[in-house]
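J.: Return atomic coordinates for the entry below.
(2 chains)
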Amino acid sequence: NAGVMQNPRHLVRRRGQEARLRCSPMKGHSHVYWYRQLPEEGLKFMVYLQKENIIDESGMPKERFSAEFPKEGPSILRIQQVVRGDSAAYFCASSRLLADTDTQYFGPGTRLTVL
Amino acid sequence: GNSVTQMEGPVTLSEEAFLTINCTYTATGYPSLFWYVQYPGEGLQLLLKATKADDKGSNKGFEATYRKETTSFHLEKGSVQVSDSAVYFCAEVTGNQFYFGTGTSLTVIP
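T.: Below is the predicted model:
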């Protein structure tokens, strides 16, 4: 039973480029969450999605960031025109049920470095 | 908004020492409470959880008790090992969101 998978594990981009981070939830999980971990800080919630729906994006920056979870395929976190401040570890988590009734399982993260 | 406050690190202990990492939360009601552990270069792994007041979560020798009266969920272990060296995150979930503390780095030396 594979866990949450994220790729790439490491991503290097130059300022102004786009970053696309992928997350495949655990089998049977239809709830996906994205978090950002800045150096020396805890995890900050970004967005919560179910298949084809964004449920809560209150933690997402208003510009340049978007997320989707299509009917088929992985969830994608997209960062356009990256800046150095976007350098962080981005973690995806999934759960079978809603967050307040079920445990979230985390992927290994994608470490984004913006040069 | 909700927040979770945990003891700042880093914490350095000798092997077999007693560990306490304090955690308090601000959410009203009865949120579920969690401790996650993050080993270097890896994602977070669930260590233990408690879903109602006075529940005790336990795993791998770690314990935490849900104290509604003090809004706390302190992590304890009676005898730490070198392999426990990691960053520990306290979290509470309300509705759709997890609220994480900033993490406490633990280093256990032989």
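
J.: Can you give me every residue that contacts the residue nearest the centre of chain A?
T.: Per CA atoms, centre = their mean, the C-alpha nearest to the average position across chain A is that of residue A:34, at 3.5 Å. Residues near residue A:34 by CB atoms under 8 Å, 6 or more residues apart in numbering or on different chains: A:23, A:46, A:47, A:49, A:67, A:75, A:77, A:90, A:91, A:92. For glycine as for every other residue, the C-beta is placed from the backbone atoms N, C-alpha and C.

J.: Out of those residues, flag the one nearest to chain B.
T.: Minimum distance to chain B across these is 5.7 Å, recorded for residue A:91 (CB to the nearest CB).

J.: phi, psi of the nearest residue in space to residue B:25 that is not next to it in sequence?
T.: Leaving aside its chain neighbours, residue B:25 sits nearest to residue B:92 (4.6 Å; criterion: CB to CB, 6 or more residues apart in numbering or on different chains). Note on residue B:92: backbone dihedrals following degrees, to the nearest 10 are phi -130, psi 150.

J.: do the same with residue B:83
T.: Main-chain dihedrals, residue B:83, degrees, to the nearest 10: phi -70, psi -10.

J.: Then the one 5 residues further on?
T.: Phi and psi for residue B:88, reported as degrees, to the nearest 10, are phi -110, psi 130.

J.: List the buried residues of the helix or strand of chain B with the lowest mean pLDDT.
T.: Least confident helix or strand of chain B, by mean pLDDT, DSSP states H and E, is strand B:97-100 with a mean of 82. Under the neighbour-count criterion of 16 or more other CB atoms under 10 Å in any protein chain shown, strand B:97-100 has B:97, B:98, B:99, B:100 buried.

J.: same deal with stretch B:81-98?
T.: Within stretch B:81-98, the residues scored as buried using 16+ other CB under 10 Å are B:84-94, B:96-98.

J.: Repeat that for stretch A:36-47.
T.: For stretch A:36-47, by 16+ other CB under 10 Å, it's A:36, A:37, A:42, A:43, A:45, A:46, A:47.

J.: for the third one, what are its contacts?
T.: Right, the one you point to is residue A:42. Residue A:42 neighbours (CB under 8 Å, 6+ apart): B:89, B:100, B:101, B:102, B:103.
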